[in-house]
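predicted model, plus sequence, below.
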Amino acid sequence: MSQSNTNKQPRVLSGAEIVWESLIQEGVDVIFGYPGGANLPIYDAHVKYEDKIHHVLVRHEQNAAHAADGFARASGKVGVALATSGPGATNLITGVATAMMDSIPMVCITGQVGRPVLGSDAFQETDILGAMIPITKHSYQVNDISKLASTIKDAFYIARSGRPGPVLIDLPKDVQNETIEYVYPETHNVLPGYNPTVEISEAQLIEVAEMIKDAKNPVILAGHGVLISGATDELTALAEKADIPVSVTLLGIGSIPASHPRCIGFMGMHGAYWANHAIQKADLLIACGMRFDDRVTGKLETYSPNSKKVHIDIDPTELNKNVVVDVAIRGDLKSVLAALLPKVKKDTHEAWTEQIKEWMGVSHTREILHRESSELYSAFVVRDIWEATKGEALVVTDVGQHQMTVAQYYYQDHQNSLLTSGGLGTMGYGLPAAIGASFAGRGKDIWLVVGDGGIQMTIMELATAVQENANINIALINNGYLGMVRQWQEMFYENRFSQTPISSPDFVKITEAYGLKGYRVKDRKDVIPTVLEAQAHDGPTLIEFVVEPMEMVYPMVAAGDALDEMYQRPMIEEQFSDMEV
Amino acid sequence: MEKSEHTIVAFVEDEPGVLNRVVSLLRRRNYNIKSLVVGATERPGLSRMTIVTDEPNQHRRRGLASNIQKLVNAYTVEDVTEAPSVIREYMLAKVTVSNGDRVDLDQLTRKYNATIIDSEEGAVIIEATGYDMEISSFIESLEKFEIVELMRTGKMAMRRGSHEVLKAKIEQMTKNDTWIVDPV
């Protein structure tokens, strides 16, 4: 028997050991989890694998899922979360749903009660597979140890291929304790109907090239799929060759550099005024790896009424789901754009570019120039963090007003450098996701921008950040309100601020109690120096920015309005005399 | 067939929980199931479903087939609404019948090619197969007797003629990962 064959001699391992061995085979070097009764054998086996896989002990399982999600978004790898049965597993749900909505590759492993008591309402038993069917890409319960290694192989393949998503592996405790000869399969065993290689139709590509040739006012809509597919170069090449402006979705930020001359910025409910106008007045939309979410389209009946529409997406269920299009192409975006490019003629759209520039001129969300005012607005904070970090930070947000402010004012030139819960809009996402991202080895400064509401949903993870000495900086925007909801109450509920004023602990004290370095900033002039100081500090830091309480995010499309019916910032002169408008 | 009816044939893995996934998907995507029949096929490990919904919107109809196809346990899905197909339903009815009515009932069952499969004092069980309008019409005729129990299976669909299209598709998929997708 040859040497290589001897190496493949199967070893007898327990189910728990097989979990770790298989994770190593999949290239996993960090996982986020929380121990409990039903995953004790897995944790016990970890002692032998500590040097190969680092385990991050979160303070709540929801945050294990968010941290795995943040790690996945920042690293491009599959994030892994581990929880026990029952409450441990159900705590994962919000994090898994967040990952599902945003197409994040993740594998969640849950302990389960032993097979003899499955279905008996045993202590800490929950039908987590049943509960997670609607919010996972796929789910498994492994009741046969001979299928454990192959199930893990398949789960990773499913999580990362096609349109990525979270996969659950539920593992009864007695299966973790059983033993078997371990061989990790070389290939996955997923049905061939899954993720087929799709032949790109030549006729469709020619049709799209013709549509581009005939268009006077084309716009490319770039979504998260551009980043997932790694199609930034192809997308940029198309925009340059045919001179087509590109607007990005929230998760598509970074799919083309914000500073690229063809990039016209962020679209949608709080998108750039000119980008929304361009979309509405376009005669051709080329939607790339995006899903026409309601936050992006506004009222569907009035959405871009005069345009022909092309939609390219790897997920056929997204095609003609929200917006019915003229040409729907199913396929990997990078391959489709690469095949389309040679068919597209070089072109210019000067009049259209001028028109968009003109809309920029009347818009109210331009560059913020002056810094003399001492009043602190979150837009100033974000803009100054951008300047202090030279636009090079890996930015993580929570959900709410500050999230939109980051999308508007942190001009992101880099791919996969804005981590934000887009589809599900999960408050509390930011802190654990930033901790997860700190394990991705991107070599970037990590800045979490978070509100006073959101951080209080997952503030216990400050302890995790300290325990791991995670190199994250937290910009806490404190306006004393659940600001985005308060904004809706002000605009649509006649200023009845029902349950939106929120009190907070002394954030600097609590930060220091957790063991982070804390700062407080109330004056605009202190923003950049404090940001630089925090960044230079070794270890996690938190800066509380005490901002104007009644600030609103503008511009805004009210739910149910057309995309170009935007609320502009009122009383610009009084409120924002130091902003160029 | 009612105009709004939409019939899908899905080939899925014969594994625990697959039916749960399909039904959960229909609920989640807000499709109303008119009937769903599932059973074994000519291939071991492969179940066949006939799903009938009342979805009128053509884009949502296509979306349903794509959504089922997207399930990891799905082999292939075909929309047979417009395809020439044999569509059949099975029915069991328990009817109370007095001696005087028995001749009428026998005539009626013969007319509909139905069979009395159980006959006890005062009540008979009748089985019938046919396409849904036939079954409905038979049930209507039975109403002059007293129907005490009734059960319809819902529709099973099979395309007419050679079955090669589906078979070829499955075999192609099984051989390699390339799979020609119907144009969207």
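That came in fine, so what should we check first? None of the values given here were measured: they were computed from a predicted structure.

quick one: the strands in chain B, in order.
In chain B, the strands defined using DSSP state E lie at B:6-13, B:33-40, B:46-53, B:74-79, B:85-96, B:115-120, B:123-130, B:146-159.

chain A is nearest to which of those?
Across the strands of chain B, chain A has its closest neighbour in strand B:74-79 (4.8 Å, C-beta to the nearest C-beta). Quick note: C-beta positions are derived from backbone N, CA and C, even for glycine.

from the chain's centre, how far out does the closest one sit?
Centroid displacement of strand B:74-79 relative to its chain, using C-alpha atoms, centre = their mean, to the nearest Å, is 15 Å.

next, the angle from it to strand B:85-96.
90 degrees (axes from the mean of the first three to the mean of the last three C-alpha atoms, to 10 degrees).

near chain A at all, strand B:74-79?
Yes: remark: strand B:74-79 sits within contact range of chain A at B:A74, B:Y75, B:T76, by C-beta under 8 Å from any C-beta of the partner chain.

dump these to JSON lines, plus pLDDT, distance to B:L26 and neighbour count.
As requested, the residues of strand B:74-79 next to chain A are exported to JSON lines (pLDDT from 0 to 100; distance: C-beta to C-beta, whole Å; neighbours: other C-beta atoms under 10 Å in any protein chain shown):
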{"residue": "B:A74", "pLDDT": "92", "distance to B:L26": "13", "neighbour count": "22"}
{"residue": "B:Y75", "pLDDT": "87", "distance to B:L26": "18", "neighbour count": "24"}
{"residue": "B:T76", "pLDDT": "87", "distance to B:L26": "18", "neighbour count": "22"}
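
stretch A:175-192: end-to-end distance?
28 Å (C-alpha to C-alpha, to the nearest Å).

now it: buried residues?
Under the neighbour-count criterion of 16 or more other C-beta atoms under 10 Å in any protein chain shown, stretch A:175-192 has A:V175, A:Q176, A:E178, A:I180, A:Y182, A:Y184, A:V190, A:L191, A:P192 buried.

could you do stretch B:117-132 as well?
Neighbour counts over stretch B:117-132 (16+ other C-beta under 10 Å) mark B:V124, B:I126, B:A128, B:T129, B:G130, B:D132 as buried.

hey, least reliable of the strands of chain B by pLDDT?
Among the strands of chain B, strand B:74-79 carries the lowest mean pLDDT, a mean of 89.

what sits against A:G268?
By C-beta atoms under 8 Å, 6 or more residues apart in numbering or on different chains, the contact set of A:G268 is A:T249, A:L250, A:N276, A:D293, A:R295, A:V296, A:T297, A:G298, A:V557, A:L563.

residues near the third one, how many?
Around A:N276 there are 30 other residues, counting by other C-beta atoms under 10 Å in any protein chain shown.

my guess is it contacts A:M267. True?
Yes: proximity of A:N276 to A:M267 meets the contact threshold set by C-beta atoms under 8 Å, at 6.1 Å.

overlap of the contact sets of those two?
A:L563.

please identify the buried residues of stretch A:20-31?
Using 16+ other C-beta under 10 Å as the test for burial, stretch A:20-31 gives A:W20, A:E21, A:S22, A:L23, A:E26, A:V28, A:V30, A:I31.

dump the C-alpha coordinates for that stretch into CSV.
The C-alpha trace of stretch A:20-31 is given here as CSV (Å, rounded to 0.1, in the frame of the first residue of the first chain):
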residue,chain,number,x,y,z
TRP,A,20,-14.2,19.5,14.0
GLU,A,21,-12.3,17.4,11.5
SER,A,22,-14.8,18.3,8.8
LEU,A,23,-14.7,22.0,9.6
ILE,A,24,-10.9,21.9,9.3
GLN,A,25,-11.3,20.2,5.9
GLU,A,26,-13.6,23.1,4.9
GLY,A,27,-10.9,25.6,5.8
VAL,A,28,-12.7,26.9,8.9
ASP,A,29,-10.3,28.5,11.4
VAL,A,30,-12.7,30.5,13.6
ILE,A,31,-16.2,29.8,14.8
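
run the chain-centre distance for that stretch.
Taking C-alpha atoms, centre = their mean, one finds the center of stretch A:20-31 at 23 Å from the center of the full chain.

what's it in contact with?
By C-beta under 8 Å, 6+ apart, stretch A:20-31 touches A:13, A:42, A:45-46, A:48-49, A:52-56, A:68, A:71, A:77-78, A:80-82, A:148-149, A:152-153, A:156, A:182, A:184, A:439.

just the buried subset of the residues you listed, written out for ChimeraX, thanks.
Applying 16+ other C-beta under 10 Å to the contacts of stretch A:20-31 leaves a buried subset, and the ChimeraX line that selects it is:
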select /A:13,42,45,46,49,55,56,68,71,77,78,80,81,82,148,149,152,153,156,182,184,439
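
ok, and which of the contacts of stretch A:20-31 reach chain B?
Okay, of those, nothing touches chain B (C-beta under 8 Å from any C-beta).

among the contacts of stretch A:20-31, name the ones in helices.
A:I42, A:A45, A:H46, A:A68, A:F71, A:L148, A:A149, A:I152, A:K153, A:F156 (DSSP state H).

give the bridge partners for the residue nearest the centre of chain B, please.
Residue closest to the average C-alpha location in chain B (C-alpha atoms, centre = their mean): B:K155, at 2.2 Å. Taking DSSP bridges as the rule, B:K155 bridges to B:E89.

measure A:A278 to chain B for me?
26 Å (C-beta to the nearest C-beta, to the nearest Å).
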